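**Q** Attaching a predicted model along with its sequence, questions to come.
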Amino acid sequence: MIERRPFAELGGANHGWLDAKHHFSFADYHDPARMHWGALRVWNDDTIAPNTGFPPHAHADMEIITYVREGAITHQDNMGNKGRTEAGDVQVMSAGTGVRHSEYNQEPGVTKIFQIWIMPDSRGKAPSWGAKPFPKGERSGQFVALASGMAGDEDALPIRTNARVLGATLKAGESAEYQLGKGRRGYLVPASGTVEIEGVRFEARDGAAIRDVDTLRVTAVADAELVLVDSAA
């Protein structure tokens, strides 16, 4: 089963400094049919104006992955971490028992991010944060784990859940496959470009909710940059 969730039909709100679209229920957007997809709880598509951002606020018991699509995001938290994550790169925050952090766009232009929340497998662990560059050449024509709590993904940023966040870049006409498995849930969003999955066309920033699929095959209609979450059902 593959369900297309068109970008134009997503919930969201424009706060001026922040134009946010929500693939799942979040803040003032509530849809009981879109509370989560397996352990995936939040997928926000955020456009942040220059010299603005999310002021210090708290989280607990959530794995929060930020994929930067354009610009850069500057993170700071009460654990003493500070870092700037650029387009194509990823940061991960395991909120654990509690963390307070800010995320600002200190760039001259807009910053665009995917903010992905995945529910952790357990609670009570200390919070942590990390970031890593992932050269797009390494994921050309194939899915590469960017953040993972699954065995064998030592090069990915660690998360505390039985899930993966993967990236791929495809040239028009190229295809990539991923072994999902029928007991898993997948959620794929093209950050850019156009793709087809089992004959269904997905434009940039549409969501593809996937289940009961052993092998996921994605074909680029136009050059595409993809982000995929593989989570427990």
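**A** All right, it came through fine.

**Q** and the residue most central in space within the chain, what helix or strand is that in?
**A** Centroid check for the chain by C-alpha atoms, centre = their mean gives Ile116 as the closest residue, at 4.1 Å. Ile116 belongs to strand 111-118 when assigned by DSSP states H and E.

**Q** ok so, going back, return the residues in contact with the residue nearest to the centre of the chain.
**A** 40, 42-44, 64-67, 165, 227, 229 (C-beta atoms under 8 Å, 6 or more residues apart in numbering). All C-beta spots, glycine's among them, are computed from the backbone N, C-alpha and C.

**Q** any idea which strand is longest in this protein?
**A** strand 215-232 (DSSP state E).

**Q** elements contacting that one?
**A** On a contact count with 3 or more C-beta pairs under 8 Å, 6 or more residues apart in numbering; DSSP states H and E, strand 215-232 meets strand 40-48, strand 111-118, strand 163-170, strand 175-179, strand 184-197.

**Q** please redo it, this time with the cut-off set to 6 Å
**A** strand 163-170, strand 175-179, strand 184-197 (3 or more C-beta pairs under 6 Å, 6 or more residues apart in numbering; DSSP states H and E).

**Q** Now that strand: buried residues?
**A** For strand 215-232, a neighbour-count test (16 or more other C-beta atoms under 10 Å) marks 216, 218-221, 224-232 as buried.

**Q** strand partners of it, parallel vs antiparallel please.
**A** The strands that strand 215-232 pairs with in its sheet are strand 163-170 (antiparallel), strand 175-179 (antiparallel), strand 184-197 (antiparallel) (by DSSP bridges).

**Q** Can you check which of those gets nearest to Asp206?
**A** Counting by C-beta to C-beta, Asp206 lies closest to strand 184-197 out of the strands paired with strand 215-232; the figure is 6.8 Å.

**Q** Beyond that closest one, next helix or strand please.
**A** strand 200-202.

**Q** circling back to that earlier point, just the buried residues of strand 215-232 now: which is nearest Ala27?
**A** Val229 (20.1 Å).

**Q** who's in contact with that closest one?
**A** When contacts are counted by C-beta atoms under 6 Å, 6 or more residues apart in numbering, Val229 touches 40, 165, 187.

**Q** tell me, how many neighbours does Met62 end up with?
**A** For Met62, the neighbour count with other C-beta atoms under 10 Å is 18.

**Q** quick one: it and Ser94 touch, right?
**A** No: judged on C-beta atoms under 6 Å, Met62 makes no contact with Ser94 at a distance of 8.2 Å.

**Q** per-residue pLDDT, Glu196?
**A** Per-residue confidence at Glu196 stands at 98 (pLDDT).

**Q** beta partners of it?
**A** Arg201, Thr219.

**Q** Can you tell me the number of residues neighbouring it?
**A** For Glu196, the tally of surrounding residues (other C-beta under 10 Å) stands at 14.

**Q** Hmm, Glu70 is touching Ala87, no?
**A** Yes: using C-beta under 6 Å, Glu70 and Ala87 qualify as a contacting pair, with a distance of 5.3 Å.

**Q** Domain-wise, how is this protein divided?
**A** As assigned by automatic domain parsing, the chain contains the domains 11-133, 137-232.

**Q** quick one on the thing from earlier: tell me the mean pLDDT over the longest strand of the chain?
**A** 98.

**Q** Check the offset of that strand from the chain's centre.
**A** Strand 215-232 sits 12 Å away from the centroid of its parent chain (C-alpha atoms, centre = their mean, to the nearest Å).
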